[in-house]
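Asks: sequence first, predicted model second:
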Amino acid sequence: MMENSNPMIKITNVHKVFNKKLHVLCGIDLEVNSGETIVILGPSGSGKSTLLRCINLLEEPTAGSIEVDGTIIHAGENSKQRDAQILDIRKKTGMCFQSFNLFPHMTVLENIIEGPVTVLKQQKNEAIPYAEELLDWVGLTEKRDEHPSRLSGGQQQRVAIARSLAMKPAVMLFDEPTSALDPELIGEVVDVMERLAKEGMTIIAVTHEMHFARDVADRVLIMEQGVWLEEGTPEQIFSHPKHQRTRQFLTHILQ
Amino acid sequence: MENTTTDQQTPIILSRIPPEAEATLHGIEVKKTRYRRNLIIAFAVLITLMVATLIIIGLDFKFMIKWVPFILTGIGYTLLVSFLAISLACFLSVAGALGRLSLNPVLNSIATSYVSLVRGTPLLVQVYMWYIALPQIGKSLEDLGITGVQALFTLPAIPAGILALGVCYGAYMTETVRAGIQSIKIGQIEAAKALGMTNSQAMRRIIFPQAVRVIIPPVSNEFIAMIKDSSLVSLMGVWELSFRAIKIGRRHFQSLEMLIMVAMIYWVMCFILQLVQEKIETHMARGDRGTS
Ligand SMILES: Nc1ncnc2c1ncn2[C@@H]1O[C@H](COP(=O)(O)OP(=O)(O)OP(=O)(O)O)[C@@H](O)[C@H]1O
Ligand SMILES: [Mg+2]
């Protein structure tokens, strides 16, 4: 705590139990500094998605506390301001889903300004210039007035990233953003994520894109059965893993 | 889904089609035309047979035509009652569905009992409840010392009919609306929440607009059914379509003519509404594709 006085994200002893007995997260700690890029790896079912979803409270942690950019939520607490604090954390946290989840009844531009207009109460014409800037940034200016169903998966995911960024979040969470994509479309999404990391966004990504984990991440964490198995720089994890289990897992996914 | 794009590409595709395939395509086209022709013939024969039967059993067409204008004036009441009742039903069904999905025990139990009670009792009984039984409740309350309730609870026939139909259809439609809301993928709600929306913002901006597309077709079916069920208000002496027909039929001992006529009028109305419904549905399907 002393050496990291102001981490952007601070997760302390988080547990998550589903249906009274499925213990998915077993006391997770994690601190992420502003501008850091974290990649989480781990076998299927180890709890990676659950952890990400606990960070923006889509899932209520059963125990522990979550702190994002100065807003703190303790599990099981019932206070007046809690709901407002949860909304506050969600506003500061962008999330990208595996299945994009764009709003099908809105155009690309409407998708992007939806957050600023509905949540931040901006005027439409206030929100549009920044939305257009973001569209340009993800390279989809010409799709401005299309509906999501007319876009490829890669394009949809880039719009979803722009939609999150429109809220000017302090943190971006990615939950396997490329695993629903055809191989030839993965690159364009990873490229956007990489530029985001370079521009100093704080990122936690669950992804099996080895290029991103190896060359973009500052730190890589391996999760197994709800606990951290190993953590280190990409160099340490990929070249000199300490645990036998890490080695097994890495050879498995690198095949 | 891809209708529009194939339409545009048709000429290009045709130019590449080999002659033997052309023959097959032509064969399919011929079959389709033949089917359409036979269908029209079948319908024509059916209608001729029906008309012939009506003539054979000796219907008094002159009598029917004479009373057409009088009976048609009842359409006003039928449509008035149906429109107001379906509007009430729409309102109640949205409120009911939100109640059914609510985690608030009070709202949830009210909505659940409403649906269960109304769906578990005959519409006929409900109509009488609103018209005859409600004033009695008013009287009992008045006796308990609440003044002015009896007058409030004694409803004229048309408002009673609108309430009866609206409340009843609202219960059935509650389940339709609820199913529509639940058909929206969980990912949509999560995406909305991840942006920081409150539950009601997510409902208003994301869930409901998508659910409406699912809900509209069954609701237009309900409306068509409502047009027919509105004949129940004749029980309370409202001079709507069927009441007029039955009255005249009885008075002149020519019920058959009147009933057949009024049945035809309902049929035509519902037929028109069906066409409107199809229009709305194709229109919405276009919006879905996002080509607008
Ligand atoms: N809402 C839920 N209710 C009950 N169990 C759940 C729920 N969500 C997740 N789980 C369970 O929690 C465990 C961890 O799930 P999670 O999705 O976090 O794993 P993951 O590491 O993201 O796996 P994957 O790589 O397959 O995405 C799984 O056993 C899953 O079945
Ligand atoms: Mg997952």
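Replies: All right, it came through fine. Ligands and ions are numbered 1, 2, ... in the order given.
Asks: just give me the neighbour total for the residue in chain B that ligand 1 sits nearest to.
Replies: Across chain B, the shortest distance to ligand 1 (C-beta to the nearest ligand atom) belongs to residue B:186, at 9.7 Å. In this view, the C-beta of every residue, glycine as well, is placed from N, C-alpha and C. Residue B:186 has 9 neighbours, counted by other C-beta atoms under 10 Å in any protein chain shown.
Asks: what residues are up against it?
Replies: Counting by C-beta atoms under 8 Å, 6 or more residues apart in numbering or on different chains, residue B:186 makes contact with nothing.
Asks: next one: it from residue B:244, what distance?
Replies: According to C-beta to C-beta, to the nearest Å, residue B:186 and residue B:244 sit 52 Å apart.
Asks: now stretch B:58-73 - C-alpha only, CSV.
Replies: The C-alpha atoms that make up stretch B:58-73 are tabulated as CSV, following Å, rounded to 0.1, in the frame of the first residue of the first chain:
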residue,chain,number,x,y,z
GLY,B,58,-83.8,-18.5,-49.5
LEU,B,59,-82.2,-15.5,-47.8
ASP,B,60,-84.1,-12.3,-48.1
PHE,B,61,-81.5,-10.1,-49.7
LYS,B,62,-83.8,-7.2,-50.1
PHE,B,63,-84.4,-7.2,-46.4
MET,B,64,-80.7,-7.3,-45.8
ILE,B,65,-79.9,-4.4,-48.0
LYS,B,66,-82.7,-2.3,-46.5
TRP,B,67,-81.1,-2.6,-43.0
VAL,B,68,-77.5,-2.3,-44.0
PRO,B,69,-77.2,1.5,-43.3
PHE,B,70,-78.9,1.1,-39.9
ILE,B,71,-76.5,-1.7,-38.8
LEU,B,72,-73.4,0.0,-40.2
THR,B,73,-74.0,3.0,-37.9
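Asks: any idea of the mean pLDDT in that stretch?
Replies: Stretch B:58-73 carries an average pLDDT of 88.
Asks: likewise stretch A:26-44?
Replies: Rounded mean pLDDT across stretch A:26-44 is 96.
Asks: residue A:200 in helix, strand or coil?
Replies: coil (DSSP: H, G, I helix; E, B strand; the rest coil).
Asks: identify the residue spatially nearest to it, adjacent ones excluded.
Replies: Spatial nearest neighbour of residue A:200, excluding adjacent residues (C-beta to C-beta, 6 or more residues apart in numbering or on different chains): residue A:35 at 4.6 Å.
Asks: how close does that neighbour sit to residue A:171?
Replies: Relative to residue A:171, and taking C-beta to C-beta, residue A:35 is found at 10 Å.
Asks: what about residue 41, neighbour count?
Replies: In the absence of a named chain, this looks at chain A. For residue A:41, using other C-beta under 10 Å, the count is 25.
Asks: wrong chain, I was asking about chain B
Replies: 10.
Asks: same question, the one 4 residues further on
Replies: Other residues within reach of residue B:45, judged by other C-beta under 10 Å, total 10.
Asks: let me know the pLDDT of it.
Replies: 96.
Asks: assumed it was part of a helix.
Replies: Yes. Looking at residue B:45 with three-state DSSP, it is inside a helix.
Asks: on that earlier part again, of residue A:35 and residue A:171, who's got more company?
Replies: residue A:171 (22 against 13).
Asks: the more buried one and residue B:215, how far apart?
Replies: Taking C-beta to C-beta, one finds residue A:171 at 37 Å from residue B:215.
Asks: same thing with residue A:60?
Replies: Residue A:60 is 31 Å from residue B:215, by C-beta to C-beta.
Asks: what do you get for residue B:170?
Replies: 13 Å.
Asks: next, count neighbours for the residue nearest to residue B:237 when sequence neighbours are not counted.
Replies: Leaving out its chain neighbours, the residue that sits closest to residue B:237 by C-beta to C-beta, 6+ apart is residue B:157, at 5.8 Å. Per other C-beta under 10 Å, the neighbour tally for residue B:157 reads 20.
Asks: likewise residue B:284?
Replies: 14.
Asks: pick out the residue of the stretch 51-200 of chain A closest to chain B.
Replies: residue A:147 (2.4 Å; C-beta to the nearest C-beta).
Asks: give me the residues contacting stretch B:24-39.
Replies: Taking C-beta under 8 Å, 6+ apart as the rule, stretch B:24-39 contacts residue B:17.
Asks: just the buried positions in it, please.
Replies: The neighbour-count check on stretch B:24-39 (16 or more other C-beta atoms under 10 Å in any protein chain shown) flags nothing as buried.
Asks: and for stretch A:153-168?
Replies: Applying 16+ other C-beta under 10 Å to stretch A:153-168 flags A:153-167 as buried.
Asks: contacting chain B as well, which ones from those residues?
Replies: A:160, A:163-164, A:167 (C-beta under 8 Å from any C-beta of the partner chain).
Asks: for residue A:179, phi and psi?
Replies: Phi and psi for residue A:179, reported as degrees, to the nearest 10, are phi -80, psi -10.
Asks: tell me the contacts of residue B:129?
Replies: Contact analysis of residue B:129 by C-beta under 8 Å, 6+ apart lists residue B:164.
Asks: what about residue A:105, neighbour count?
Replies: 19.
Asks: measure the residue nearest to residue B:237 to residue B:123 for me?
Replies: 16 Å.
Asks: by contact count, what packs against the host helix or strand of residue A:87?
Replies: Assigned by DSSP states H and E, residue A:87 belongs to helix A:82-92. Here helix A:82-92 touches strand A:63-68, strand A:71-74, going by 3 or more C-beta pairs under 8 Å, 6 or more residues apart in numbering or on different chains; DSSP states H and E.
Asks: let's go with 6 Å and repeat that
Replies: Secondary-structure packing of helix A:82-92 (3 or more C-beta pairs under 6 Å, 6 or more residues apart in numbering or on different chains; DSSP states H and E): strand A:71-74.
Asks: and the strand it packs on, how far from the chain's centre?
Replies: 18 Å (C-alpha atoms, centre = their mean, to the nearest Å).
Asks: which of the three states applies to the residue lying farthest from the centre of chain A?
Replies: Distance from the C-alpha centroid of chain A peaks at residue A:125, with 28.5 Å (C-alpha atoms, centre = their mean). Taken by three-state DSSP, the conformation at residue A:125 corresponds to helix.
Asks: and stretch B:103-114, is it in reach of chain A?
Replies: No. On the criterion C-beta under 6 Å from any C-beta of the partner chain, stretch B:103-114 is out of touch with chain A, staying 13.5 Å away.
Asks: flag every buried residue along that stretch.
Replies: B:107, B:110-111, B:114.
Asks: could you dump those into CSV with secondary structure and pLDDT added?
Replies: Formatted as CSV, the buried residues of stretch B:103-114 follow (DSSP: H, G, I helix; E, B strand; the rest coil; pLDDT from 0 to 100):
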residue, secondary structure, pLDDT
B:107, helix, 96
B:110, helix, 97
B:111, helix, 97
B:114, helix, 97
